[in-house]
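S.K.: what follows is a protein structure lacking sequence information:
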DNA sequence: CTAAAACCTGACGTTAACGTCAAAGGCAAG
DNA sequence: CTTGCCTTTGACGTTAACGTCAGGTTTTAG
């Protein structure tokens, strides 16, 4: 069907991925080393990524921010790609969900304590 | 007024503080080294803490969980002890509050993404 | 053609809150 | 007295996601 290259087929180099996703090139190489990204190589050896690598990197950042490790993300990636999961993956998904929820609760409690002090000190000119 | 020692005056050793607060003795020494705790010393050199050290340690754990560093906690401790703050401390309080709030939002977003996948995979037997 | 900008691999550096081990002293029970 | 648990200081180890530097190749702009 695609006789000529379409825009969706355009491969981009590491710098463009990094800029578009707001991370460093070093980070992108690290993700690839951790098995989170795959790339083709140009004849000279430069990494070439598909456009959706940018979306992926943003997703990794979100998961990192939520406390998941590279390993965990790699183990759960198939869940997003294929939409299919085995029992082990479902257990991991729920475990991470529960952990994050607990963390949200902890942060909320800390937030309340800070707000409490802020309220008190604001009433003390 | 206090002719004899009251229960509130009882000094406890590091192990009791650690157990009561659910941390290691190593952690308690670390907090003291960071200027978060003060202790008297027995004639033989053992640390002796006041009872409220347990409450303090629990508080430190909560702040650590919220992403504050030892340094920040030390800088803000007077706000709790005295209830008084200067401009710099009020700015730090608000900055930490905002940072934690942003983190809560990030976590919530990640939580939503996980729940999304969980919902999909649960409907795929 | 040439200089700047971007890329490569490899490898050591960073950070924070502890963990862990070593070697030794202290303290109550029996 | 000695067994056993607790404590001391000091110092090196851990972890994860990169930062940073070195030394060399490639691509691009003019």
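M.R.: Received it, and whenever you're ready, just let me know what you need. Given the structure is predicted, the values throughout are model-derived calculations rather than measurements. Numbering: from 1, shown residues only, chains lettered A, B, ... in the order given.
S.K.: dump the residue contacts of the residue lying closest to residue A:104 once chain neighbours are set aside.
M.R.: Ranked by CB to CB, 6 or more residues apart in numbering or on different chains and with sequence neighbours excluded, the top spatial neighbour of residue A:104 is residue B:107, at 5.0 Å. No exception for glycine: its C-beta is placed from N, CA and C like everyone else's. Under the criterion of CB atoms under 8 Å, 6 or more residues apart in numbering or on different chains, the contact partners of residue B:107 comprise A:65-66, A:100, A:103-104, A:107.
S.K.: how much space is there between the residue in chain A positioned nearest to DNA strand C and residue A:29?
M.R.: Proximity to DNA strand C, evaluated over chain A using CB to the nearest atom of the strand, is greatest for residue A:15 at 2.5 Å. Noted for residue A:15: a distance of 11 Å to residue A:29, by CB to CB, to the nearest Å.
S.K.: again with residue A:54
M.R.: Between residue A:54 and residue A:29 the distance, using CB to CB, works out to 15 Å.
S.K.: when those two are compared, which one has more neighbours?
M.R.: Residue environment comparison for residue A:54 versus residue A:29 gives the larger neighbour count to residue A:54, 20 against 15, counting by other CB atoms under 10 Å in any protein chain shown.
S.K.: please parse chain A into its domains.
M.R.: A:1-67, A:85-125 (automatic domain parsing).
S.K.: now do the shortest one, average pLDDT.
M.R.: Read it as domain A:85-125. Per-residue pLDDT over domain A:85-125 has a mean of 92.
S.K.: any part of that domain near DNA strand C?
M.R.: No - with CB under 7 Å from any atom of the strand as the threshold, domain A:85-125 lies outside contact range of DNA strand C, at a closest distance of 13.4 Å.
S.K.: how far is that domain from where the chain is centred?
M.R.: Domain A:85-125 sits 20 Å away from the centroid of its parent chain (CA atoms, centre = their mean, to the nearest Å).
S.K.: is DNA strand D contacted by it?
M.R.: No - contact between domain A:85-125 and DNA strand D is absent, the nearest approach being 12.5 Å (criterion: CB under 7 Å from any atom of the strand).
S.K.: kindly provide the distance from residue A:42 to residue A:92.
M.R.: Summarising the geometry, the distance separating residue A:42 from residue A:92, computed by CB to CB, is 36 Å.
S.K.: one more: residue A:102?
M.R.: The span separating residue A:102 from residue A:92 equals 16 Å under the rule CB to CB.
S.K.: and what of residue A:38?
M.R.: Residue A:38 sits at a distance of 22 Å from residue A:92 (criterion: CB to CB).
S.K.: neighbour-wise, which of those two wins?
M.R.: Applying other CB under 10 Å to residue A:38 and residue A:92 shows that residue A:92 carries more neighbours, namely 17 against 11.
S.K.: quick one, helices of chain A?
M.R.: For chain A, the helices defined by DSSP state H occupy A:14-21, A:25-33, A:53-65, A:70-82, A:87-122.
S.K.: ok, now which ones touch the spatially closest residue to residue A:48 that is not a sequence neighbour?
M.R.: Spatial nearest neighbour of residue A:48, chain neighbours left out: residue A:11 (4.0 Å); criterion: CB to CB, 6+ apart. Taking CB under 8 Å, 6+ apart as the contact definition, residue A:11 lies against A:40, A:48-50.
S.K.: number of nearby residues for residue A:96?
M.R.: The local packing of residue A:96 (other CB under 10 Å) involves 21 other residues.
S.K.: what's near enough to touch it?
M.R.: Taking CB under 8 Å, 6+ apart as the definition of contact, the neighbours of residue A:96 are A:66, A:68, A:72, A:76, B:114.
S.K.: so the last one sits against residue A:93, correct?
M.R.: To tie it back to what came earlier, the one meant is residue B:114. Yes - distance between residue B:114 and residue A:93: 6.1 Å, which falls inside the contact criterion (CB atoms under 8 Å).
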